[in-house]
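> turn this into a structure:
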Amino acid sequence: MPNIPKTGGAVSTLWPGAIGAKADSMVDPDNWLLTLYRALKYYINDNQPGVYDIRFDFPGTDDLQDLLPLEKTIIHFEVDDHNDLRLGLGPQTYQYQYSTIVDPDNNTLMRDLIEEHEAQQHLVNFDIGIWASAKSGGVTARLQAFQLLNDLFSGPDNFRTVREKVGCEIISFTGGSFLRDSVNDIPLYRAGNITLIVRVFARRRITPVPIIEEIIQEPGIRIHDTVIIG
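Sure, this is the predicted structure:
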């Protein structure tokens, strides 16, 4: 049996930057997809002047009709693809957690449990779009929004920043096509075909099982009447 430290139920993270991070600002490896959405939104809003409406869904026609004319330029993120990659060739267990269950009535040990933590990595492909109207700034607002995205997701410095503050890795940030559209005869100035791919490390907690402290062999067992055990 390996020497497994007792963690007392403490939650460890896969990123050291998570220590002291604000709520919703970092990816939680136990709830990676929901917290990835929240952390990316927090990161963008924390680094934009407040003139953009950040949405993590593709705005439908009904949504746009209710919002037109746009008070704020919309930047939308939508998951376009996802790929779950293995880590190595063998088991992906990277950590064990040891806990003790004690009878509260007489304070005696009931059982020892061990919980395996399986590491996972996910490649998440985000489709990004920009939606501006004349009221929100038109062509100028579209250009500024596109530059904002480049300032947040391009280059090696942003790779380090996103890893430390968000808890994921930027794999690539590519694309960008400027488009003209209209809804209810109101012109829209759009940018589409922008792709952000990030890698997220996650943890899956496997159901705890009792620890076998010792295997006791029955003395006197014979194998083919020649070998005596015990």
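
> tell me where the protein has strands.
Assignment of strands within the chain using DSSP state E yields the ranges 52-55, 73-85, 93-103, 108-133, 169-183, 186-205, 209-210, 221-223, 227-229.

> out of these, nearest to residue 28?
When those are compared by C-beta to C-beta, strand 186-205 sits nearest residue 28, at 8.9 Å. No exception for glycine: its C-beta is placed from N, CA and C like everyone else's.

> give the other helices and strands that the closest one contacts.
Under the contact criterion of 3 or more C-beta pairs under 8 Å, 6 or more residues apart in numbering; DSSP states H and E, strand 186-205 touches helix 32-46, strand 108-133, helix 138-153, strand 169-183.

> return the set of residues that bridge with the closest residue to residue 172 other than its chain neighbours.
Distances taken as C-beta to C-beta, 6 or more residues apart in numbering put residue 197 closest to residue 172, at 4.9 Å, once the chain neighbours are dropped. The residues listed as beta-bridge partners of residue 197 by DSSP bridges are residue 125, residue 172.

> is it true that residue 197 touches residue 128?
No. Applying C-beta atoms under 8 Å as the test, residue 197 and residue 128 come out as separate, 11.0 Å apart.

> give me the more crowded residue out of those two.
In this comparison of residue 197 against residue 128, neighbours counted by other C-beta atoms under 10 Å, the higher total goes to residue 128 at 22 against 17.

> by mean pLDDT, point me to the weakest helix or strand of the protein.
Within the chain, confidence by mean pLDDT, DSSP states H and E is lowest for strand 227-229 among all helices and strands, at a mean of 58.

> export the helices and strands packed on strand 186-205 to CSV and tack on distance to residue 64 and mean pLDDT?
Formatted as CSV, those follow (distance: least, C-beta to C-beta, whole Å; pLDDT from 0 to 100):
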stretch, distance to residue 64, mean pLDDT
helix 32-46, 20, 95
strand 108-133, 7, 83
helix 138-153, 15, 96
strand 169-183, 5, 93
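
> out of those, nearest to residue 76?
For these, proximity to residue 76 was assessed by C-beta to C-beta; strand 108-133 is nearest, at 4.9 Å.

> can you mark which positions in that closest one are buried?
When burial is assessed from 16 or more other C-beta atoms under 10 Å, strand 108-133 yields the following buried residues: 112, 114-117, 119-122, 124-133.

> likewise for stretch 153-162?
Buried residues in stretch 153-162 (16+ other C-beta under 10 Å): 153, 161-162.

> contact partners of it?
43, 151-152, 168-170, 173, 196, 198 (C-beta atoms under 8 Å, 6 or more residues apart in numbering).

> ok, now which ones touch the closest residue to residue 72 other than its chain neighbours?
Beyond its immediate neighbours in the sequence, the residue positioned closest to residue 72 (C-beta to C-beta, 6+ apart) is residue 53, lying 4.3 Å away. With contacts defined as C-beta under 8 Å, 6+ apart, residue 53 is in contact with 70, 72-75.

> swap in 10 Å and give it another go.
Contacts were defined as C-beta atoms under 10 Å, 6 or more residues apart in numbering; by that measure residue 53 touches 59, 67, 70-76, 131, 136.

> equivalent analysis for residue 76, please.
Taking C-beta under 10 Å, 6+ apart as the definition of contact, the neighbours of residue 76 are 53-59, 63, 126-131, 192, 194.
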